[in-house]
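Enquirer: Sequence first, predicted model second:
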Amino acid sequence: MDRVILHCDLNSFYASVELLDYPELRQRPVAVCGDPERRHGIILAKNEAAKTFQVKTAETIWQARKKCPDLILLPAHREKYPHWSQAVNAIYERYTDLVEPFSIDESWLDMTGSLHLFGGDAKRVADEIRAVVRRETGLTLSAGVSFNKVFAKMGSDYKKPDATTVISRENFARLLWPLPVGNLIFVGRAAAQTLARCGVRTIGDLARFDKEALVRLLGRQGALLHDYAAGEDRSPVIPLRDMPPPKSVGNGITFPHNLVGWEELHSGLALLSDGVAAGLRRAGMKCTTVQVTIRDPAFRDICRQTRLAAPTFVSREILRAAFQLVQSAWQENAPLRALTVTAQNLLPEQQAAEQLDLFSAGDVSQRDRLERLEKTVDRLRDKYGRSALSIASAGASPAPSPKESLPSSAPLGKKPK
């Protein structure tokens with residue numbers, strides 16, 4: 001028996017969340033953006049009205065306003081998005097306990113075992129979920145219904161906004177195979193160019209192409225993409241509770257001006273290390289390795305990493321390691337455009353705690369105080385917002401961009417938003 005998989009994708013999520021506070025602007029062109037005075041003066045999200053003017057994500061504000069002079073700009077509020085994402089996923093969980101978040105605004109639902117509880121009609125259930133989300137949150141979503149995850153995802157992309165599309169065994173070749181191969185999930189620009197040189201330009205071309213030849217062309221990814229195009233994806237819907245722990249947690253900033261000097265670099269690293277440490281604590285993990293990636297104004301990257309003396313999720317310990325790496329790899333007066341700090345080689349918190357028996361009681365006691373302090377900071381930020389407490393060492397450094405990098409781990413993949 002075929003599975004029943006739904007993919008739900010919130011429409012223009014960041015812009016829609018911001019417009020909850022400005023319902024009078026919903027019919028006008030609106031974009032969420034970074035600070036126009038900084039390099040992050042770019043479009044981060046836009047509503048449907050702005051899309052009609054061809055306003056695009058990641059273009060500069062001046063480019064967007066050239067297309068749409070009446071474009072209304074709203075600032076991003078990062079603390080709001082996880083709240084609404086969790087609220088919507090809680091609605092999904094009323095219908096099935098198999099809900100897999102794909103990103104902050106997308107989730108798969110496996111309704112195979114619970115569909116009969118809601119009448120047995122998958123499209124009707126998808127329409128009901130859309131109506132409940134709209135009524136309870138003010139947000140809209142597009143839903144795809146299919147017999148596997150890939151086609152359900154393509155169904156939610158097929159018609160937007162606020163629509164349901166069913167991709168069945170009877171219609172998938174007619175609906176999906178004529179589409180450009182780049183429309184298939186996980187076919188990036190490089191893969192599409194490689195496939196085009198072999199005459200593969202549509203999803204149908206890919207499904208009909210020899211699978212072994214695709215493996216020779218693209219490696220193991222070639223076999224996966226062939227299965228996706230042919231409707232043979234069998235990947236399970238994995239609820240958050242069953243997902244493997246993250247392999248790393250990272251945070252990066254492109255600064256609004258080039259940083260010069262150890263003081264500025266230390267401030268930037270402090271902001272990043274604080275975010276990485278908070279991500280580790282949320283995941284219940286500690287890191288044993290810290291990596292720093294440095295980007296200069298010519299977009300050249302330098303990457304360095306170091307092993308820590310003991311596993312940690314304490315921001316000052318991550319900062320100390322990151323700053324030492326930068327000092328060993330960088331000239332104090334050289335301009336620096338961007339930094340990324342990544343925690344790697346992660347251990348579950350309990351397992352990491354057992355390793356601390358190697359240290360003296362005094363060291364363990366001091367570490368325990370630091371860990372309790374930072375968990376207290378987490379609770380205060382959860383209650384009053386992330387800006388309620390900041391690290392003193394960050395000083396007047398520029399704030400991070402509204403998009404922080406996410407913990408990396410993903411069987412079928414997590415896309416950044």
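Expert: In hand now; what should we look at? No experiment lies behind these values; they were computed from the predicted model shown. Numbering: from 1, shown residues only.
Enquirer: and the strand or helix carrying F102, how far out from the chain's middle?
Expert: Following DSSP states H and E, one finds F102 within strand 99-103. Centroid separation between strand 99-103 and its chain, computed with C-alpha atoms, centre = their mean, to the nearest Å, is 11 Å.
Enquirer: What is it packed up against?
Expert: If you count contacts as 3 or more C-beta pairs under 8 Å, 6 or more residues apart in numbering; DSSP states H and E, strand 99-103 packs onto helix 80-92, strand 106-110. In short, each C-beta sits where N, CA and C put it, glycine included.
Enquirer: If I take it and helix 80-92, what angle do their directions form?
Expert: Inter-element angle recorded for strand 99-103 and helix 80-92: 150 degrees (by axes from the mean of the first three to the mean of the last three C-alpha atoms, to 10 degrees).
Enquirer: that older thread, compile the helices and strands packed on strand 99-103 into TSV and extend it with columns for distance to V292, mean neighbour count and mean pLDDT.
Expert: TSV is the format used below for the helices and strands packed on strand 99-103 (distance: least, C-beta to C-beta, whole Å; neighbours: other C-beta atoms under 10 Å; pLDDT from 0 to 100):
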stretch	distance to V292	mean neighbour count	mean pLDDT
helix 80-92	26	16	93
strand 106-110	31	25	97
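Enquirer: who wins for proximity to G119 among those?
Expert: Counting by C-beta to C-beta, G119 lies closest to strand 106-110 out of the helices and strands packed on strand 99-103; the figure is 15.4 Å.
Enquirer: phi, psi of D227?
Expert: Note on D227: its backbone torsions stand at phi -60, psi -40 [degrees, to the nearest 10].
Enquirer: excluding its backbone neighbours, what's nearest it?
Expert: Take D227 and drop its neighbours on the chain: the residue closest to it by C-beta to C-beta, 6 or more residues apart in numbering is D233, 5.8 Å away.
Enquirer: Helix, strand, or coil at the one you found?
Expert: D233 carries the three-state label coil when classified by DSSP: H, G, I helix; E, B strand; the rest coil.
Enquirer: Looks like it contacts S146 (just checking).
Expert: No: with contacts counted by C-beta atoms under 8 Å, D233 stays clear of S146, the gap being 9.5 Å.
Enquirer: quick one: which of those two has more around it?
Expert: Legend: neighbour count by other C-beta atoms under 10 Å for D233 and S146, higher for S146 (29 against 20).
Enquirer: re the thing from before, switch the helices and strands packed on strand 99-103 over to TSV; also include distance to V341.
Expert: Shown next, in TSV, are those (distance: least, C-beta to C-beta, whole Å):
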stretch	distance to V341
helix 80-92	21
strand 106-110	27
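Enquirer: Go through those and name the closest to T194.
Expert: strand 106-110 (26.8 Å).
Enquirer: What strands line up against that closest one, and which way round?
Expert: Here strand 106-110 is paired, per DSSP bridges, with strand 5-10 (antiparallel), strand 99-103 (antiparallel).
Enquirer: Could you identify which of those has the lowest mean pLDDT?
Expert: Per-stretch mean pLDDT for the strands paired with strand 106-110 is lowest at strand 99-103 (a mean of 93).
Enquirer: Output the below-cut-off pLDDT ranges for the stretch 1-150 of the chain.
Expert: Scanning the stretch 1-150 of the chain for pLDDT under 70 picks out 34-41.
Enquirer: can you map out the strands along it?
Expert: 5-10, 30-33, 43-46, 72-75, 99-103, 106-110, 141-146 (DSSP state E, counting those that start in this stretch).
Enquirer: Generate TSV for the strands paired with strand 106-110, with distance to P161 and mean neighbour count as supplementary columns.
Expert: Shown next, in TSV, are the strands paired with strand 106-110 (distance: least, C-beta to C-beta, whole Å; neighbours: other C-beta atoms under 10 Å):
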stretch	distance to P161	mean neighbour count
strand 5-10	9	26
strand 99-103	17	20
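Enquirer: Go through the ones you listed and name the closest to Y228.
Expert: That would be, of those and by C-beta to C-beta, strand 5-10, which comes in at 13.5 Å.
Enquirer: Check what contacts the closest one and list those residues.
Expert: Contacts to strand 5-10, defined as C-beta atoms under 8 Å, 6 or more residues apart in numbering, come from residues 16, 85, 88, 92, 102, 105-112, 122, 125-126, 129-130, 133, 139-149, 151-153, 155-157, 160, 237.
Enquirer: Of the residues you listed, keep whichever come out buried.
Expert: 16, 85, 88, 92, 102, 105-112, 122, 125-126, 129-130, 133, 139-149, 151-153, 155-157, 160, 237 (16 or more other C-beta atoms under 10 Å).
Enquirer: right, and the strands of the stretch 1-150 of the chain - which one's nearest E349?
Expert: Comparing those by C-beta to C-beta, strand 99-103 comes nearest, at 21.9 Å.
Enquirer: pull the CA atoms of the closest one into PDB?
Expert: Output of strand 99-103 as PDB, limited to C-alpha atoms (Å, rounded to 0.1, in the frame of the first residue of the first chain):
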ATOM      1  CA  VAL A  99       6.100  15.200  11.700                       C
ATOM      2  CA  GLU A 100       9.500  16.000  10.300                       C
ATOM      3  CA  PRO A 101      10.600  19.700  10.100                       C
ATOM      4  CA  PHE A 102      12.500  20.300   6.900                       C
ATOM      5  CA  SER A 103      13.300  24.000   7.700                       C
END
